[in-house]
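Engineer: prediction below, plus the sequence it came from.
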Amino acid sequence: MNLTTPTIRRRVAPVARQVAAIVGGGVIGGGWAARFLLMGWDVRVFDPDPEASRKINEVLANARRSLPGLSDVALPAEGTLSFHDTMSAAVAGVDWVQESVPERLDIKHKVYQSIQAHCPPDAVIGSSTSGFKPSQLQEGAARPAQIVVTHPFNPVYLLPLIELVPSAVTDPATLDKAKKILTDIGMYPLHVRAEIDAHIADRFLEAVWREALWLIKDGIATTEEIDNAIRYGFGLRWAQMGLFETYRIAGGEAGMRHFIEQFGPCLEWPWTKLMDVPELTDELIDQVADQSDAQSGQYSIRDLERARDNNLVTILRGLKAKDWGAGALLNAQDRRIDGAVTLPDDLSQPVVTVSRAVPLDWTDYNGHMNEARYLQAFGDATDRMMALVGCDADYIATGGSFFTAETHIRHLDEVHAGARIRIETQVLLGAGKKMHLFHRMFEDDRELATGEHMLIHVSLETRRASEPAPQVAEAMARVAKAHAALPVPQGAGKAVGVR
């Protein structure tokens, strides 16, 4: 950023929306639809199930409630969702086709014949298959190089991993396009470089599943005890470091080599029955089902989905705060969406400094946004205004910044998780060492709260008040001068008191 002259954001012509077709609208297809839609794509759905619209809209309602809370900036405007009676109408002219039909190769081959007869030759055709290799999917296809495996994890709208598997005949341009699109919608394309049944992640899941079945069959553990072993222990470790990095830490200062030397011999001990799979007899199936009913049968599927989403959002936002693992991906996605931080051309109105959804973990025991989060939101608005006048990370690194000297918040109305809030900021004073801001928080046109903040520019070397650099002072004064023509906002200068 040029610190001598504030950068002005130029208006550009609107870009045509990209379009994705979802073929198969079950749990996975619905998750794909939600992910694309909430990232600004238009989505067309083909599924002969008469209940497809209801099911997808229920999944979409959960996604709208949870996904925006992972982002600290406004997501793109939601795309348009449409349902189509024919596959040809759904896939015509699209950029991406996601196939999520049942795991039967004969069905998938018929679907690809119909898709390729009507979709553009340069569209990516991705399959959600959890087991088939791309070369199997490509058999008999008109354009085999167009088809790749893009295996997601449920819920697709929250979990970022996509196993992207090409075959030897996959077009490299198709692979590159798939990687870019998946990254642009906030996902992590894991390029599986060699074809293998069940790809990578499902092979781990299958190994754990087999061992779990033996533990139940042998009467060692119940379904709930096994789930507790995962969710209270290694599951949390795996969520942020994976397998090898976790074990590297277990090796202490000597690292991975020491870990292998210490624990390697265990591989020869009969700890597991990994290669010996129990027969799924009626008795074992009943045992697993009965235990699962006892564990979770009191909850509806929607209750369980909401509990799952609440937990995932909290975990992912925690990782985001540490810029680690999946949290680092979310931060990178925010930066892609947010773009450059520049003053608007029109300063005749208050500046929108925050536009975001209220995350699930911002609510309290009363079911509305915790009072501390109002301060966080207004603090974010203050940080944004600082950056807009040139007091950004680069400037702060030179030794100058603003400290907040006084804050006054008025709580006017309730706001709940998932609500889209907007903060408009008016500069009441921007001269010398002082910057006086008045923030107003809205949901649509409903005013929720106000925050008044007095900031003092300081030298980070002396920790005392100091004059800001000329470019910051000039930008601050320019905004204050423009905002001086606005009415003094109601509540400005108020103090806490008894009426």
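Structural biologist: On my side now, so go ahead.
Engineer: can you map out the strands along the stretch 301-450 of the chain?
Structural biologist: Along the stretch 301-450 of the chain, the segments classed as strands by DSSP state E, counting those that start in this stretch run 351-357, 400-411, 420-431, 434-443, 446-459.
Engineer: can you say which of those strands is packed in most?
Structural biologist: strand 434-443 (a mean of 22; mean count of other CB atoms under 10 Å). C-beta coordinates here come from the backbone N, C-alpha and C atoms, glycine included.
Engineer: quick check: mean pLDDT across that one?
Structural biologist: Across strand 434-443, pLDDT averages out at 98.
Engineer: counting by contacts, list what that strand packs against.
Structural biologist: helix 371-388, strand 420-431, strand 446-459 (3 or more CB pairs under 8 Å, 6 or more residues apart in numbering; DSSP states H and E).
Engineer: what's the domain layout of this protein?
Structural biologist: Listed by automatic domain parsing, the domain ranges of the chain are 19-197, 202-298, 342-483.
Engineer: tell me which of the helices and strands packed on strand 434-443 approaches residue 57 most closely.
Structural biologist: With CB to CB, the closest approach to residue 57 among these belongs to strand 420-431: 19.0 Å.
Engineer: by how many degrees do the closest one and helix 371-388 diverge?
Structural biologist: Here strand 420-431 points in a direction 50 degrees away from that of helix 371-388 (axes from the mean of the first three to the mean of the last three CA atoms, to 10 degrees).
Engineer: distance from the chain centre to strand 420-431, please.
Structural biologist: Distance of strand 420-431 from its chain centroid, counting by CA atoms, centre = their mean, to the nearest Å, is 28 Å.
Engineer: got the angle between that strand and strand 446-459?
Structural biologist: Using the same axes, to 10 degrees, the inter-axis angle of strand 420-431 relative to strand 446-459 is 40 degrees.
Engineer: direction included, what does strand 420-431 pair up with?
Structural biologist: The pairing partners recorded for strand 420-431 under DSSP bridges are strand 351-357 (antiparallel), strand 434-443 (antiparallel).
Engineer: buried set for the lengthiest helix in the chain?
Structural biologist: As assigned by DSSP state H, the longest helix anywhere in the chain is helix 301-321. For helix 301-321, burial by neighbour count (16 or more other CB atoms under 10 Å) applies to 305, 306, 309, 310, 312, 313, 315, 316, 317, 319, 320.
Engineer: got a list of contacts for that helix?
Structural biologist: Contacts to helix 301-321, defined as CB atoms under 8 Å, 6 or more residues apart in numbering, come from residues 58, 62, 65-66, 69-70, 155, 158-159, 236, 239-240, 296, 299, 325-328, 330-331, 359-361.
Engineer: try 7 Å
Structural biologist: For helix 301-321, contacts defined as CB atoms under 7 Å, 6 or more residues apart in numbering pick out 62, 66, 69-70, 155, 158, 239-240, 296, 325-327, 330-331, 359-361.
Engineer: any idea of the mean pLDDT in it?
Structural biologist: 86.
Engineer: kindly export that helix (C-alpha atoms) in CSV.
Structural biologist: The C-alpha trace of helix 301-321 is given here as CSV (Å, rounded to 0.1, in the frame of the first residue of the first chain):
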residue,chain,number,x,y,z
ILE,A,301,-31.0,-36.3,12.9
ARG,A,302,-31.4,-32.5,12.8
ASP,A,303,-30.5,-32.2,16.5
LEU,A,304,-27.4,-34.2,15.9
GLU,A,305,-26.4,-32.2,12.8
ARG,A,306,-26.8,-28.9,14.7
ALA,A,307,-24.8,-30.3,17.6
ARG,A,308,-22.1,-31.4,15.2
ASP,A,309,-22.0,-28.1,13.4
ASN,A,310,-21.8,-26.2,16.7
ASN,A,311,-18.8,-28.3,17.7
LEU,A,312,-17.1,-28.0,14.4
VAL,A,313,-17.5,-24.3,14.2
THR,A,314,-16.0,-23.9,17.7
ILE,A,315,-13.1,-26.2,16.9
LEU,A,316,-12.4,-24.6,13.6
ARG,A,317,-12.6,-21.0,14.9
GLY,A,318,-10.3,-22.0,17.7
LEU,A,319,-7.8,-23.2,15.1
LYS,A,320,-8.4,-20.0,13.1
ALA,A,321,-7.4,-17.9,16.1
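Engineer: returning to what we had before: distance to residue 40 for the buried residues of helix 301-321 - can I get that in CSV?
Structural biologist: Below are those laid out as CSV (distance: CB to CB, whole Å):
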residue, distance to residue 40
305, 24
306, 25
309, 21
310, 25
312, 22
313, 20
315, 25
316, 20
317, 22
319, 24
320, 21
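Engineer: which of these lies closest to residue 105?
Structural biologist: Once CB to CB is applied, the member of the buried residues of helix 301-321 that ends up nearest residue 105 is residue 305, at 29.8 Å.
Engineer: can you list contacts of stretch 162-174?
Structural biologist: 124, 134-135, 138, 144-146, 148-152, 175, 178-179, 182, 187-192, 195, 199-201.
Engineer: gap between the two ends of stretch 237-256?
Structural biologist: 16 Å (CA to CA, to the nearest Å).
Engineer: may I see the buried residues of it?
Structural biologist: By neighbour count on 16+ other CB under 10 Å, the buried set for stretch 237-256 is 239, 240, 247, 248, 251.
Engineer: let's have those residues in CSV, adding distance to residue 493 and pLDDT.
Structural biologist: Rendered in CSV, the data for the buried residues of stretch 237-256 read as follows (distance: CB to CB, whole Å; pLDDT from 0 to 100):
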residue, distance to residue 493, pLDDT
239, 48, 85
240, 46, 82
247, 59, 76
248, 57, 80
251, 60, 76
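Engineer: which one of those is nearest to residue 103?
Structural biologist: Distance to residue 103 across the buried residues of stretch 237-256 (CB to CB) is lowest for residue 239, with 26.7 Å.
Engineer: excluding chain neighbours, what is closest to that closest one?
Structural biologist: residue 315 (6.2 Å; CB to CB, 6 or more residues apart in numbering).
Engineer: any idea how far that neighbour is from residue 176?
Structural biologist: For residue 315, the distance to residue 176 equals 31 Å [CB to CB, to the nearest Å].
Engineer: now residue 389
Structural biologist: Where residue 176 is concerned, residue 389 sits at a distance of 40 Å (CB to CB).
Engineer: one more: residue 259?
Structural biologist: Taken as CB to CB, the span from residue 259 to residue 176 is 37 Å.
Engineer: circling back to that earlier point, distance to residue 460 added to the strands paired with strand 420-431, as CSV?
Structural biologist: CSV is the format used below for the strands paired with strand 420-431 (distance: least, CB to CB, whole Å):
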stretch, distance to residue 460
strand 351-357, 23
strand 434-443, 16
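Engineer: which one of those strands lies closest to residue 226?
Structural biologist: strand 351-357 (34.8 Å).
Engineer: can you list the strands of the stretch 301-450 of the chain in JSON lines and add distance to residue 478?
Structural biologist: Shown next, in JSON lines, are the strands of the stretch 301-450 of the chain (distance: least, CB to CB, whole Å):
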{"stretch": "strand 351-357", "distance to residue 478": "12"}
{"stretch": "strand 400-411", "distance to residue 478": "17"}
{"stretch": "strand 420-431", "distance to residue 478": "8"}
{"stretch": "strand 434-443", "distance to residue 478": "13"}
{"stretch": "strand 446-459", "distance to residue 478": "16"}
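Engineer: residue 259 and residue 176 - which one has more neighbours?
Structural biologist: Using other CB atoms under 10 Å, the more surrounded residue of residue 259 and residue 176 is residue 259, with 18 against 10.
Engineer: for residue 292, which non-adjacent residue is spatially closest?
Structural biologist: residue 223 (5.0 Å).
Engineer: and that neighbour, how many neighbours?
Structural biologist: 20.
Engineer: can you check residue 460 too?
Structural biologist: Neighbours around residue 460, by other CB under 10 Å: 14.
Engineer: and what of residue 293?
Structural biologist: When counting by other CB under 10 Å, one arrives at 11 neighbours for residue 293.
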